[in-house]
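Visitor: Below are the sequence and a predicted model; questions follow.
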Amino acid sequence: MTGKAEQNVVIVGGGFAGFAAAKELSKKLDPKRYNLILINSRSYAISLPATVRLVVDAESKFEETSFVKLDRIYANGNGETKVGVVTSIEAKTGVSGGAVILASGERISYSVLVLATGSKWTGPCAIPENEHDVLPFVNSWRQKFAKANHVVIVGGGAVGLELAGEVKDLYPTKKVTIVHGGSQVLNATYGNSLRKGMEKRLRARGVQFMFNEYIDDIPEAGVVGVTTRGGKDIADADLVVSARGGRPNTDYVASLGEDALNGHGFVKIQPTMQLLTHPSIFAVGDIIDRVEQKQAAKIRWHVPVAVANIISFLNGVTPTKQYTGAPELIVITNGKKGGMGYFGFFGGFTLGDWFAWLVKSRDFMVSNFRKDLGY
């Protein structure tokens, strides 16, 4: 598959990192020389942070606003979106260029390839790849939450906390328990002020916590009762929800050989965002092998480095711009009206409910998401 030009610049993944890269490259690539192709499993991008409200609250109508077509991101129409799933990559070590193979069998060559496939999730955040399956999936989860008497959320990270807040917004009297493997919510990246503050806010709404415990096998919806790894029974639990952290969506990258991924499935990169032994392949977003929290906010630092180096590479110049890390910051919602923010500057500080409402809780930044995509 090629357009008018002879060479293709291909981006795999239309999430936050992928469409940001596509937007910037469309401004800089000469369409007479390069076809810019964004390959995504759906014709639209999904605001994944908004998923926790989407799957609980039908009144949010987030299916009408947080799914946004990938047809307005290209400057001067310089680019195209291809719906498909990449299953493997053809490339030779140390040799520029190659091709991606789609599940359909189609082969698309590239001069530069950008990997931006993000994370795979479990539970209600595991939005299906096939567009036809998305709304049935969403409606199924809404019904599960509506019918449940006791929701047990497995994982006390940001997703688990936000999901609890959404359930309590819509169903204030419904029993909610968070089971978390650590001794506090979230992880040690964030200060105690945020960790204790979010726990306190959710306890005030009736959310219960079970720390230093795990639930290994998620029972089917409607099965009543679950036992933790440590042998504790939650006898009346009738909806157990996985809110465990995501894992890198990189199975297709394994086709490049064992040196492409680390033991946890993250893509090994140089500071230039290039793969170690494939200079014409770049990676951005959640999938990179970098010790940092995996968040959409990081793309503000990832994408400029990658784009500058891609342009250099295409012009025959050695890429020199380096990614040196990004500050840790997060805003965690507690339903539509509250939450907390954490900023890793000046030793770390937090802001409370009003700030969280202003920047995220009221609409999960969906309006900004739409604007970024040209809507």
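Guide: Looks like it came in fine. Please read all numbers here as calculations on a predicted model, not as lab measurements.

Visitor: in this structure, which spans are helices?
Guide: When secondary structure is read from DSSP state H, the chain shows helices at 16-28, 51-54, 62-65, 131-147, 158-170, 192-203, 299-314, 353-356, 366-372.

Visitor: now for those helices, which one comes closest to residue 86?
Guide: Distances from residue 86 to each of the helices of the chain were compared using Cβ to Cβ; the minimum, 11.6 Å, belongs to helix 16-28. C-beta: built from backbone N, CA, C; applies to glycine.

Visitor: Check which residues of the closest one are buried.
Guide: With burial defined by 16 or more other Cβ atoms under 10 Å, the residues of helix 16-28 counted as buried are 16, 17, 18, 19, 20, 21, 22, 23, 24, 25, 26.

Visitor: from memory the last one sits against residue 81, does it?
Guide: Meaning residue 26. No. The pair residue 26 and residue 81 fails to qualify as a contact (Cβ atoms under 8 Å) at a distance of 11.3 Å.

Visitor: Touching both of the two, which residues are there?
Guide: Listed contacts common to residue 26 and residue 81 are nil; contacts here mean Cβ atoms under 8 Å, 6 or more residues apart in numbering.

Visitor: any low-confidence regions in the stretch 1-150 of the chain?
Guide: Flagging of the stretch 1-150 of the chain using pLDDT under 70 yields the residue ranges 1-3.

Visitor: mind giving me TSV with the helices of the chain and columns for distance to residue 331?
Guide: TSV is the format used below for these (distance: least, Cβ to Cβ, whole Å):
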stretch	distance to residue 331
helix 16-28	15
helix 51-54	13
helix 62-65	18
helix 131-147	23
helix 158-170	9
helix 192-203	10
helix 299-314	15
helix 353-356	6
helix 366-372	12
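
Visitor: Those: which one's closest to residue 224?
Guide: In terms of Cβ to Cβ, the element of the helices of the chain nearest to residue 224 is helix 131-147, at 12.0 Å.

Visitor: hmm, who's touching that closest one?
Guide: By Cβ under 8 Å, 6+ apart, helix 131-147 touches 42-44, 54-58, 63, 67, 124, 127-128, 151, 167, 170-171, 221-222, 239.

Visitor: starting at the chain centroid, how far to it?
Guide: How far helix 131-147 lies from its chain's middle: 19 Å, per Cα atoms, centre = their mean, to the nearest Å.

Visitor: Report the angle between it and helix 158-170.
Guide: Using axes from the mean of the first three to the mean of the last three Cα atoms, to 10 degrees, the interaxial angle of helix 131-147 with respect to helix 158-170 works out to 60 degrees.

Visitor: Okay, buried residues for helix 131-147 please.
Guide: Of the residues in helix 131-147, those with enough neighbours to count as buried (16+ other Cβ under 10 Å) are 134, 138, 141, 142, 144, 145.

Visitor: picking up where we left off before, buried only: go through the contacts of helix 131-147 for me.
Guide: The neighbour-count test (16+ other Cβ under 10 Å) applied to the contacts of helix 131-147 identifies 42, 44, 54-58, 63, 67, 124, 127, 151, 167, 170-171, 221, 239 as buried.

Visitor: now, which of those residues lie within strands?
Guide: For these, the ones inside strands are 44, 67, 151, 239, with DSSP state E as the criterion.

Visitor: Give me the distance between the residue nearest to residue 102 when sequence neighbours are not counted and residue 115.
Guide: Residue nearest to residue 102 in three dimensions, not counting chain neighbours: residue 84, with 4.2 Å by Cβ to Cβ, 6 or more residues apart in numbering. Between residue 84 and residue 115 the computed distance is 15 Å (Cβ to Cβ, to the nearest Å).
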